[in-house]
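Undergrad: Provide a 3D model corresponding to the input given below.
(chains A and B)
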Amino acid sequence: MIFSDIKQNIRKDLDDIGVTFYSTDDLTDSVTDAYKDINLKTHCIIKKSAGLSWIANLSYIDFRTDYLITDYIATTAIYNNNTNRFLDDNMSLQQFNLIRWDWEINTGEPDSWAPSDFKRIAIMPRQASANGTFDLFYWADTPSFVDTDTPLIATDMQDLIEKYCVADLLEQAEEFVKAQTWWEEYDLGIEEYADRVATLAKADLMLLA
Amino acid sequence: MPVVFDDATITRFSNDGENQFASATSCIVDRVSLAIVSGTANYTLPESCINIRRVTWRGKWMEPMPHRDYRERGFPFTSLGEPTSYIYNNILRQTIQFFPTPNETIAAATTNLYGSSIGTSVIVEYARTPDYYTFIIPSYFRRYLLKTFVLKMCFAIESKGTNIKASKYWDAKWKKIANDYALILDDLHNQPRKLLASTYTVLKPRPPRPVLPASFGTYVE
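TA: Residues are numbered from 1 along each chain as shown, chains lettered A, B, ... in the order given. Below is the predicted model of the structure:
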């Protein structure tokens, strides 16, 4: 299903086929919100960025700024091509502190990472001089879209966008009771889809579709 | 269509909502490098600082020390040396105090606060308030989250658009999704991922850096 089909269904559900009540902007904003919300709650868009060069003396990586990965949300895994190993992902920053109180300036071949904040992750140890590359696997933000695009959501779950938007637009019209039915359907669908994405990812532990 | 809520009102409430979410989740992080002066213990933090996440002295992690501990361990004597702790409460407003008092002068770094300047500077990492432009809450839910707060507040102000029922509805909505997004942020950006390595923490052997305890050399009767 492409976005224009979804928008058509939404207008049908709202008895607004003739574009009489909700503007095109209202509908597009709502579809964008829905797409982002589904992606954020299910982590359904996972991407790989290969061959990124290590940066010397960088303890915290901001992928949006340092590597211009503008759709970056969060890291799932990092593969160090220098050692042919994935970096360990089982420690927090507090546990880094327990290993070395000066871990931020500890140099060597990176072998662990930990989330720091929504922009950055921490790498330990860091390279003293830049050498080699790594591959980044990450949860990505939704791409910008036009009506002829297909959402990056499983085919049978694309109606979640419709449910979200009908509920959202009914709320906008202060029809809160009517919106409730659609929110309940949406929440059930999100739960099911999130479970599915997580189960699929368990197969190879890499969250790669 | 007549304008019920003007742009200035909407922007004001949007900023207010962003302040509330950032303050509740401490999700916006920034760093500052302090210009250290030998013999001076107190330093002013930026106005935007909500709470301190981490302080490093030339790359070495510093221990937060409650003011009560400071009074028991150091006050009122002045000791000079390389600071190992910082006191963060019950001193001056937006002020951090180092203990022992620094015995060297270190220039503030202006760049590479997440990289090469760590080993040569004194850096304070802190959760900060948004500036609504560069330092903002995550963009992937910002619009919808703030929309709920703006609607909650707009329907509550005295105007032609006053609607208490709608305001209460959006208040409940704001609380629910702010909580949902806070949990997602915590899961994505605070917890170790544990997708690849064992769920059990394994502390790998690394070159040790033995450190003498803070009480070393203290006279004991």
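
Undergrad: elements contacting the longest helix belonging to chain A?
TA: Ordering each helix of chain A by length in residues (DSSP state H) puts helix A:176-202 first. Applying 3 or more CB pairs under 8 Å, 6 or more residues apart in numbering or on different chains; DSSP states H and E, we find helix A:176-202 packed against helix A:24-42, helix A:159-172. Backbone N, C-alpha and C define where each C-beta goes, glycine included.

Undergrad: winner for burial among these?
TA: helix A:159-172 (a mean of 23; mean count of other CB atoms under 10 Å in any protein chain shown).

Undergrad: And that helix, what does it pack against?
TA: Helix A:159-172 packs on helix A:3-13, helix A:24-42, helix A:176-202, going by 3+ CB pairs under 8 Å, 6+ apart.

Undergrad: Switch the ones you listed over to JSON lines; also include distance to residue B:183 and mean pLDDT.
TA: Putting the helices and strands packed on helix A:159-172 into JSON lines (distance: least, CB to CB, whole Å; pLDDT from 0 to 100) gives the following:
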{"stretch": "helix A:3-13", "distance to residue B:183": "28", "mean pLDDT": "93"}
{"stretch": "helix A:24-42", "distance to residue B:183": "10", "mean pLDDT": "94"}
{"stretch": "helix A:176-202", "distance to residue B:183": "13", "mean pLDDT": "91"}
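
Undergrad: Of the ones you listed, give the one that comes closest to residue B:41.
TA: When the helices and strands packed on helix A:159-172 are compared by CB to CB, helix A:24-42 sits nearest residue B:41, at 44.4 Å.

Undergrad: any residues touching the closest one, and which ones?
TA: A:3, A:6-7, A:10-11, A:44-45, A:73, A:141-142, A:145, A:151-153, A:157, A:160-161, A:164-165, A:168-169, A:172, A:190, A:193-194, A:197, B:140-141, B:143-144, B:180-181, B:184 (CB atoms under 8 Å, 6 or more residues apart in numbering or on different chains).

Undergrad: I only care about these that end up buried; give me the ChimeraX line for that.
TA: Buried members of the contacts of helix A:24-42, defined by 16 or more other CB atoms under 10 Å in any protein chain shown, are picked up in ChimeraX with:
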select /A:3,6,7,10,11,44,45,73,141,142,145,151,152,153,157,160,161,164,165,168,169,172,190,193,197 /B:140,141,144,181,184
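
Undergrad: just to revisit the earlier point, nearest to residue A:117, out of the helices and strands packed on helix A:176-202?
TA: If we rank the helices and strands packed on helix A:176-202 by CB to CB, the stretch that ends up nearest is helix A:24-42, at 16.6 Å.

Undergrad: ok now that closest one, how far from the chain's centre?
TA: 13 Å (CA atoms, centre = their mean, to the nearest Å).

Undergrad: CA atoms only: put it into CSV for me.
TA: What follows is helix A:24-42, C-alpha atoms only, in CSV (Å, rounded to 0.1, in the frame of the first residue of the first chain):
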residue,chain,number,x,y,z
THR,A,24,-4.1,18.3,3.1
ASP,A,25,-1.6,19.6,5.6
ASP,A,26,-3.6,18.3,8.6
LEU,A,27,-3.5,14.8,7.0
THR,A,28,0.1,14.9,6.0
ASP,A,29,1.2,16.1,9.5
SER,A,30,-0.9,13.3,11.0
VAL,A,31,0.6,10.6,8.7
THR,A,32,4.1,11.8,9.5
ASP,A,33,3.4,11.6,13.2
ALA,A,34,2.0,8.2,12.8
TYR,A,35,4.9,6.9,10.8
LYS,A,36,7.4,8.2,13.4
ASP,A,37,5.4,6.9,16.3
ILE,A,38,5.2,3.4,14.9
ASN,A,39,8.9,3.3,14.0
LEU,A,40,9.9,4.6,17.5
LYS,A,41,7.7,2.1,19.4
THR,A,42,8.6,-1.0,17.2
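
Undergrad: got the angle between it and helix A:3-13?
TA: Angle, helix A:24-42 to helix A:3-13, by axes from the mean of the first three to the mean of the last three CA atoms, to 10 degrees: 110 degrees.

Undergrad: May I have the strands that pair with the helix or strand just after helix A:24-42, each with its orientation?
TA: Downstream of helix A:24-42, the next assigned helix or strand under DSSP states H and E is strand A:46-53. Next to strand A:46-53 in the sheet, as set by DSSP bridges, lie strand A:133-140 (antiparallel).

Undergrad: Report the buried residues of the strand it pairs with.
TA: Here strand A:133-140 shows A:134, A:136-140 as buried, counting by 16+ other CB under 10 Å.

Undergrad: closest to chain B among those residues?
TA: Using CB to the nearest CB, the shortest approach to chain B within these belongs to residue A:139, at 7.6 Å.

Undergrad: Who are the contact partners of the closest one?
TA: Residues near residue A:139 by CB under 8 Å, 6+ apart: A:43, A:45-46, A:73-76, B:188.

Undergrad: Let me know the pLDDT of the residue positioned nearest the centre of chain B.
TA: Centroid-nearest residue in chain B, with CA atoms, centre = their mean: residue B:127, separated by 1.8 Å. What the model reports as pLDDT for residue B:127 is 95.

Undergrad: can you check residue B:221 too?
TA: For residue B:221, pLDDT reads 56.

Undergrad: what does residue A:16 give?
TA: 85.

Undergrad: distance of it from chain B?
TA: 17 Å (CB to the nearest CB, to the nearest Å).

Undergrad: wait, what's in contact with the residue nearest to that residue when sequence neighbours are not counted?
TA: Closest residue in space to residue A:16, ignoring its immediate chain neighbours: residue A:22 at 5.5 Å, by CB to CB, 6 or more residues apart in numbering or on different chains. The contact partners of residue A:22, taken as CB under 8 Å, 6+ apart, are A:11, A:14, A:16, A:169, A:172.

Undergrad: Pull the contacting residues for the second one.
TA: With contacts defined as CB under 8 Å, 6+ apart, the neighbours of residue A:14 are A:21-22, A:166, A:169-170.

Undergrad: 10 Å instead, please
TA: A:21-22, A:27, A:165-166, A:169-170, A:173, A:175, A:178 (CB atoms under 10 Å, 6 or more residues apart in numbering or on different chains).

Undergrad: measure it to chain B for me?
TA: 19 Å.

Undergrad: ok, that residue to residue A:185 distance?
TA: 15 Å (CB to CB, to the nearest Å).

Undergrad: returning to that earlier point: got the helices and strands packed on helix A:159-172 as a markdown table, with distance to residue B:164 columns?
TA: Listed next are the helices and strands packed on helix A:159-172 as a markdown table, based on distance: least, CB to CB, whole Å:
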| stretch | distance to residue B:164 |
| --- | --- |
| helix A:3-13 | 29 |
| helix A:24-42 | 24 |
| helix A:176-202 | 13 |
